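Trainee: I would like the atomic coordinates for the input below:
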Amino acid sequence: MIYRLRSAVLIVLLVFSGQLLLAQAKPARPAVPSPANSHVGFAGDDTCAMCHATQAKSMEHNPHSNVASLHGREGFTCESCHGAGQAHVDSGGDKTKILQLTKASAKTADSTCLTCHAGAHPNFERSPHAKAGVGCTSCHSVHSAGSEHQLLKADQPVLCYSCHTEAKSAFSQPFHHKVNEGLVKCSDCHDTHGTFGNNNIKSTADQNAVCTKCHTETRGPFVFEHATVKGEGCLGCHSPHGSQNARLLNVPNVNQLCNQCHSPVSAGTVHGMNSGSAAVQPCISCHVMIHGSNVNPAFIR
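Mentor: Coordinates of the predicted model:
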């Protein structure tokens with residue numbers, strides 16, 4: 001009987017010792033902050049709406065509010081952009097204790113927006129707009145957008161024309177892309193958030209693709225390529241915003257354009273002689289496949 005009692009006590013001691021060793025071997029779990037601690041300094045959307053009812057109302061159909069609803073109101077909120085607002089509330093609405101993006105510098109506003117939108121606009125900081133101090137809030141308005149498209153302050157091209165007055169005058173020329181008429185938009189050719197091309201022209205593997213996506217007849221590839229098309233691209237000959245020429249050429253007359261490169265050639269041929277003169281006969285009367293040809297190196301049909 002005594003032997004059995006000693007054995008039972010020994011077993012209990014061994015089990016207790018084993019549990020103690022396992023407890024010492026396991027690393028201590030880090031303390032998980034409570035939900036309250038993770039939102040220290042935040043007042044919450046409902047508190048913001050008590051004073052900013054108009055702005056709160058504008059968010060009901062705002063794309064940003066859709067992000068919040070996907071995460072059970074733990075995603076995008078007022079304080080995601082404006083910063084923790086409890087100090088602003090406690091001070092009775094002191095404006096210095098909250099981030100006012102409409103009054104902040106372009107750099108501050110941009111860094112706030114790019115917290116979420118950097119993936120969509122990775123080249124913005126190198127863009128001409130950013131370098132000129134034109135920030136997100138220069139074109140976009142979260143609470144009072146004038147356009148349903150991407151929260152723009154106004155529709156294209158009116159918004160673009162507010163700065164790019166030279167483009168507005170170009171689109172007023174006799175021949176132009178139908179931007180004013182609403183058939184083409186600035187953003188069809190330009191990425192306002194920055195690219196690796198000049199003037200925020202959209203970047204593609206073949207830069208002419210910005211034009212040839214619509215002008216498919218000029219795309220190629222061709223057996224006989226026009227060196228200018230490959231070397232300088234479409235803009236070497238065309239002014240896409242507007243021109244005095246029906247083909248949106250950089251100069252009023254096609255022969256004048258061709259002779260910028262080919263004048264030594266045309267001067268010593270039939271094109272420089274009497275009735276065959278290039279001053280009378282347009283170059284493209286014969287060289288009709290000027291963008292490239294599959295049958296003739298002189299681009300004759």
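Trainee: pLDDT weak spots in the chain?
Mentor: 1-39, 68-76, 264-280 (pLDDT under 70).
Trainee: show me the contacts for the residue nearest in space to the middle of the chain.
Mentor: By CA atoms, centre = their mean, the chain has its centre lying nearest to residue 193, at 3.8 Å. The neighbourhood of residue 193, defined by CB atoms under 8 Å, 6 or more residues apart in numbering, consists of 120-121, 123-124, 127, 129, 200. For glycine as for every other residue, the C-beta is placed from the backbone atoms N, C-alpha and C.
Trainee: I'd say residue 201 and residue 194 touch.
Mentor: No: judged on CB atoms under 8 Å, residue 201 makes no contact with residue 194 at a distance of 10.9 Å.
Trainee: residues in contact with residue 136?
Mentor: Neighbour list for residue 136: 106, 109-110, 113 [criterion: CB under 8 Å, 6+ apart].
Trainee: at 6 Å what do you get?
Mentor: Contact analysis of residue 136 by CB atoms under 6 Å, 6 or more residues apart in numbering lists 109-110, 113.
Trainee: residue 198 too?
Mentor: Residue 198 touches nothing, counting by CB under 6 Å, 6+ apart.
Trainee: mind listing residues that contact the helix or strand harbouring residue 230?
Mentor: Element membership for residue 230, per DSSP states H and E: helix 227-231. By CB under 6 Å, 6+ apart, the residues outside helix 227-231 that reach it are 236, 291.
Trainee: now a ChimeraX select for only the buried ones of the contacts of residue 193.
Mentor: The following ChimeraX line selects those of those that are buried, judged by 16 or more other CB atoms under 10 Å:
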select :121,124,127,129,200
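Trainee: so which of the contacts of residue 193 are in helices?
Mentor: Among the contacts of residue 193, the members found in helices (DSSP state H) are residue 129.
Trainee: any chance of a markdown table for the contacts of residue 193, columns distance to residue 52?
Mentor: Shown next, in a markdown table, are the contacts of residue 193 (distance: CB to CB, whole Å):
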| residue | distance to residue 52 |
| --- | --- |
| 120 | 27 |
| 121 | 27 |
| 123 | 33 |
| 124 | 28 |
| 127 | 32 |
| 129 | 29 |
| 200 | 34 |
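Trainee: contact partners for the residue nearest to residue 91 when sequence neighbours are not counted?
Mentor: Residue nearest to residue 91 in three dimensions, not counting chain neighbours: residue 97, with 5.4 Å by CB to CB, 6 or more residues apart in numbering. Residue 97 makes contacts with 87-88, 91, as judged by CB under 6 Å, 6+ apart.
Trainee: what subset of those is buried?
Mentor: residue 88.
Trainee: so which of the contacts of residue 97 comes closest to residue 45?
Mentor: Comparing the contacts of residue 97 against residue 45 with CB to CB picks out residue 88 as the nearest, at 13.6 Å.
Trainee: tell me how far that closest one lies from residue 113.
Mentor: In this view, residue 88 and residue 113 are 20 Å apart by CB to CB, to the nearest Å.
Trainee: do residue 138 as well
Mentor: 11 Å.
Trainee: who touches both of those two?
Mentor: By CB under 6 Å, 6+ apart, no residue touches both residue 138 and residue 113.
Trainee: from start to finish, how long is stretch 164-175 in a straight line?
Mentor: End-to-end span of stretch 164-175 (CA to CA, to the nearest Å): 19 Å.
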